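Colleague: Generate a structure from the sequence data that follows.
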Amino acid sequence: MTRSPLLLAAPLISALAFAAPAVAQKAISPGYWETTSKVTSPFPTQKTEKRCIKPADVAKFMEGRINHIYTCTYPTKQVGDGKIKLAGSCATKDGAPVPIQGEGTFTSDSMHIDARVSLQVGGLSVPVRASTDAHKLGETCPEPGAPAN
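Modeller: Okay, the predicted model is just below:
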């Protein structure tokens, strides 16, 4: 099954969402979070997810390891004063690395990041622009099987 490169971009952008610690803290706050990832060009898409970030998972999110599909590295990682700047690449197990850059602002309970991904499609470089907004919904996560609010 072949996946559209643009559909693959949204999870890459989400990888940046939790790739840095918050101001005056060494990590984002664990809890129940909502993230909205938007690809704004070339073809607009949007995905909103709610997720539980447990204390043991915070480092994983901060390093951009949001799922088992992508391996991301960020040789450029600047974090401080509520700002973040990342540059690196993400790849699937069978795919070539895709360059990704992101800049944004964050606190312990919220985050906004704008990202740029450069996809190769049929020998052409396709610039993808995207953003992720996240905010903490609560200190505790719903019980497994409970309806998400």
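Colleague: other SSEs contacting the strand ranked longest in the chain?
Modeller: For the chain, the strand with the greatest residue count under DSSP state E is strand 124-138. Here strand 124-138 touches helix 5-17, strand 31-41, strand 110-121, going by 3 or more Cβ pairs under 8 Å, 6 or more residues apart in numbering; DSSP states H and E. Quick note: C-beta positions are derived from backbone N, CA and C, even for glycine.
Colleague: how far is that strand from where the chain is centred?
Modeller: On the basis of Cα atoms, centre = their mean, to the nearest Å, strand 124-138 sits 7 Å off its chain's mean C-alpha point.
Colleague: buried ones in that strand?
Modeller: Neighbour counts over strand 124-138 (16 or more other Cβ atoms under 10 Å) mark 126, 128-134, 136-137 as buried.
Colleague: relative to strand 31-41, how tilted is that strand?
Modeller: On the basis of axes from the mean of the first three to the mean of the last three Cα atoms, to 10 degrees, strand 124-138 is oriented at 150 degrees to strand 31-41.
Colleague: Partner strands of strand 124-138, with direction?
Modeller: Here strand 124-138 has these sheet partners by DSSP bridges: strand 31-41 (antiparallel), strand 110-121 (antiparallel).
Colleague: can you pull the pLDDT of the residue of the chain most remote from its centre?
Modeller: For the chain, the largest distance from the centre (Cα atoms, centre = their mean) belongs to residue 123, which lies 26.2 Å off. At residue 123, the model reports a pLDDT of 84.
Colleague: what are the phi and psi values for it?
Modeller: Main-chain torsions, residue 123, degrees, to the nearest 10: phi 80, psi 0.
Colleague: With residue 55 instead?
Modeller: For residue 55, the backbone dihedrals (degrees, to the nearest 10) come out as phi -50, psi -40.
Colleague: now the spatially closest residue to it that is not a sequence neighbour: how far from residue 108?
Modeller: With Cβ to Cβ, 6 or more residues apart in numbering as the criterion, residue 55 has its nearest non-adjacent residue at 4.6 Å, and that residue is residue 30. Computed with Cβ to Cβ, to the nearest Å, the distance linking residue 30 and residue 108 is 10 Å.
Colleague: which of these two has more neighbours?
Modeller: Under the neighbour definition other Cβ atoms under 10 Å, residue 30 and residue 108 were set side by side, and residue 30 has more, 19 against 16.
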